[in-house]
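Chemist: pasting the sequence and the predicted coordinates here, then a few questions.
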Amino acid sequence: MKTCKQCKVEKPFTEFSKVHKGKYYKSYCKKCSTRVANKWKKNNSQRKKSNDEIFRKKLGTGIYIVKLFDVPLYVGEGNINARKHHHLFTKSDKCDSQVKQYCDKHNINRKLLSFNILEYEDDKQRMVKKETYYRTVLTPIINPTTK
């Protein structure tokens, strides 16, 4: 049992999130942590937007391609690291990745796929236009642009 420093209620350890490496528990319970975080976001909306922008730039957004050997399967846009993980490594049956669905349907091991960055881009509208351009030029199997 552990006492939350915010609400001062003694609760089981399952009501607390673990700190980074999982040895220790946070001092606020999950409900209080959520409440405090939401209050901060509401009172600091401009700072939250700024932090989100910094985080996006740090992770990198842009246009990418997923290939099977040299054959283009899929061209996409978005957060590069998140999309790479989503397409290549997610094992959940609930995953909506077209790449995963294609590989499952055709019995292709996703370890054979390569993920390449075509271009970094921060502006969402330009990113969508460039994705359409690359889909037209590269004609990937899964999501080609129809002319």
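Modeler: Yep, that arrived. Computed from a prediction, not measured in an experiment: that's the story for all the values here.
Chemist: how about the strands of this structure, start to end?
Modeler: Assigned by DSSP state E, the strands in the chain fall at 2-3, 10-11, 61-68, 71-79, 113-120.
Chemist: of these, which is nearest residue 102?
Modeler: When these are ranked by proximity to residue 102, the top entry is strand 71-79, at 6.7 Å, counting by Cβ to Cβ. Yep, even glycine has a C-beta here, placed from its N, CA and C like the rest.
Chemist: buried stuff in the closest one?
Modeler: Applying a neighbour-count criterion of 16 or more other Cβ atoms under 10 Å, one finds 72, 73, 74, 75, 76, 77, 78, 79 buried in strand 71-79.
Chemist: could I get the strands of the chain as a markdown table with distance to residue 35?
Modeler: Formatted as a markdown table, the entries for the strands of the chain read as follows, by distance: least, Cβ to Cβ, whole Å:
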| stretch | distance to residue 35 |
| --- | --- |
| strand 2-3 | 17 |
| strand 10-11 | 14 |
| strand 61-68 | 31 |
| strand 71-79 | 28 |
| strand 113-120 | 37 |
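Chemist: which one, of the ones you listed, ends up nearest to residue 130?
Modeler: Ranking the strands of the chain by distance to residue 130, with Cβ to Cβ as the measure, places strand 61-68 first at 5.2 Å.
Chemist: specify the angle between that closest one and strand 113-120 in degrees.
Modeler: Between the axis of strand 61-68 and that of strand 113-120 there is an angle of 150 degrees, by axes from the mean of the first three to the mean of the last three Cα atoms, to 10 degrees.
Chemist: so in that sheet, which strands flank strand 61-68, and in what orientation?
Modeler: Strands adjacent to strand 61-68 in the sheet, as given by DSSP bridges, are strand 71-79 (antiparallel), strand 113-120 (antiparallel).
Chemist: got those as JSON lines, with distance to residue 16 and mean pLDDT columns?
Modeler: Shown next, in JSON lines, are the strands paired with strand 61-68 (distance: least, Cβ to Cβ, whole Å; pLDDT from 0 to 100):
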{"stretch": "strand 71-79", "distance to residue 16": "29", "mean pLDDT": "91"}
{"stretch": "strand 113-120", "distance to residue 16": "36", "mean pLDDT": "89"}
